[in-house]
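Enquirer: Here is my input, please return the structure:
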Amino acid sequence: MRIPAHQLLSFLSLFICFSGSAVAEPQLYETGPSEESSYIRFVNATDTNMAIASSGSSAKVELNAQAQRVSRFYPVKSGTKLSANIQGDGRQVSVSVVGKPWEYITIAILPNGATKIKTMLIKETPDDFNAMRSSVALFNLDSTCNAAVMQGGAKNSNILEGVKPFTVQRRLINPVRLSVTAGCGGQGAAVDFAQLQAGERYSVFLLTLKNARQAFFVRDAN
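Expert: Numbers count the residues shown, from 1 in each chain. Below is the predicted model of the structure:
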């Protein structure tokens, strides 16, 4: 049985589990009414620790370059312009975003040459919740990969394919024990989900740093 999108998004928790471990974070933005919220999270796709601060607030979130690279989803007022300042290792950038109702926005923090950083936005409006299955997504954060693919399962078949740079694909699969390879052009990185849970949503992030392809996952809701 499908659940309407507004019920699905209300169901999603206000935090992200990093490989199964809950992480408490300050609320960066004022929370909007549940009937008109959008959701924003940040992904550190650099090799440097990053700090994100909302404009006009003392709240700050630290994203490590190795562990805890993804923030939780922050519920925010849809239709309201929200800004953040991002900095780390002497590099900084500002970003502003306006979300639509029930829209999920992932803000990727990326290297921009040797001394700068930049951001890219990837948006979803989830409507695929199924209490009996797991939802798995591939986020392609690699500008050099024109068609990312995620392969796995008993036959090592394509689970997701043709994912263009700075876009996402998502699909429902059975809640099984799963290891995959996310990559491009025959070069990939392994991701072990362990046991997928029914009704849960997962995101795999593919990126390249220092000429090495990397991939990691987070569980979107608990």
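
Enquirer: Checking Ile122 next. Helix, strand or coil?
Expert: strand (DSSP: H, G, I helix; E, B strand; the rest coil).

Enquirer: ok, now how distant is the nearest residue to it once chain neighbours are set aside from Val180?
Expert: Once flanking residues are discounted, Ile122 sits nearest to Thr106: 4.5 Å by CB to CB, 6 or more residues apart in numbering. C-beta: built from backbone N, CA, C; applies to glycine. As judged by CB to CB, to the nearest Å, Thr106 and Val180 stand 19 Å apart.

Enquirer: So which residues make contact with the host helix or strand of the residue nearest to Ile122?
Expert: Take DSSP states H and E as the rule and Thr106 turns out to sit in strand 104-112. By CB atoms under 8 Å, 6 or more residues apart in numbering, the residues outside strand 104-112 that reach it are 9, 38-47, 50, 63, 73, 84, 86, 93, 95, 97, 99, 117-126, 139, 141, 166, 168, 203, 207, 209.

Enquirer: Next, the contact list for Pro175, please.
Expert: Shown in contact with Pro175 (CB under 8 Å, 6+ apart): Met132, Arg133, Ser134, Gln195, Leu196, Gln197, Ala198, Glu200.

Enquirer: Could you turn the buried ones of the residues you listed into a PyMOL selection?
Expert: To isolate the buried members of these in PyMOL, using 16 or more other CB atoms under 10 Å:
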select buried, resi 133+134+196+200
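
Enquirer: would JSON lines of the contacts of Pro175 with secondary structure and pLDDT be doable?
Expert: Output for these, formatted as JSON lines (DSSP: H, G, I helix; E, B strand; the rest coil; pLDDT from 0 to 100):
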{"residue": "Met132", "secondary structure": "coil", "pLDDT": "95"}
{"residue": "Arg133", "secondary structure": "coil", "pLDDT": "95"}
{"residue": "Ser134", "secondary structure": "strand", "pLDDT": "95"}
{"residue": "Gln195", "secondary structure": "strand", "pLDDT": "95"}
{"residue": "Leu196", "secondary structure": "coil", "pLDDT": "95"}
{"residue": "Gln197", "secondary structure": "coil", "pLDDT": "95"}
{"residue": "Ala198", "secondary structure": "coil", "pLDDT": "95"}
{"residue": "Glu200", "secondary structure": "coil", "pLDDT": "93"}
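
Enquirer: what would the contacts of Pro175 look like in TSV with distance to Phe216?
Expert: Listed next are these as TSV, based on distance: CB to CB, whole Å:
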residue	distance to Phe216
Met132	26
Arg133	22
Ser134	17
Gln195	17
Leu196	16
Gln197	18
Ala198	22
Glu200	17
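
Enquirer: right, and Val43 touches Arg69 too?
Expert: Yes - between Val43 and Arg69 there is a contact at 6.3 Å, judged by CB atoms under 8 Å.

Enquirer: Give the intersection of the neighbour lists for these two.
Expert: The contact sets of Val43 and Arg69 overlap at Leu63, Phe205 (CB under 8 Å, 6+ apart).
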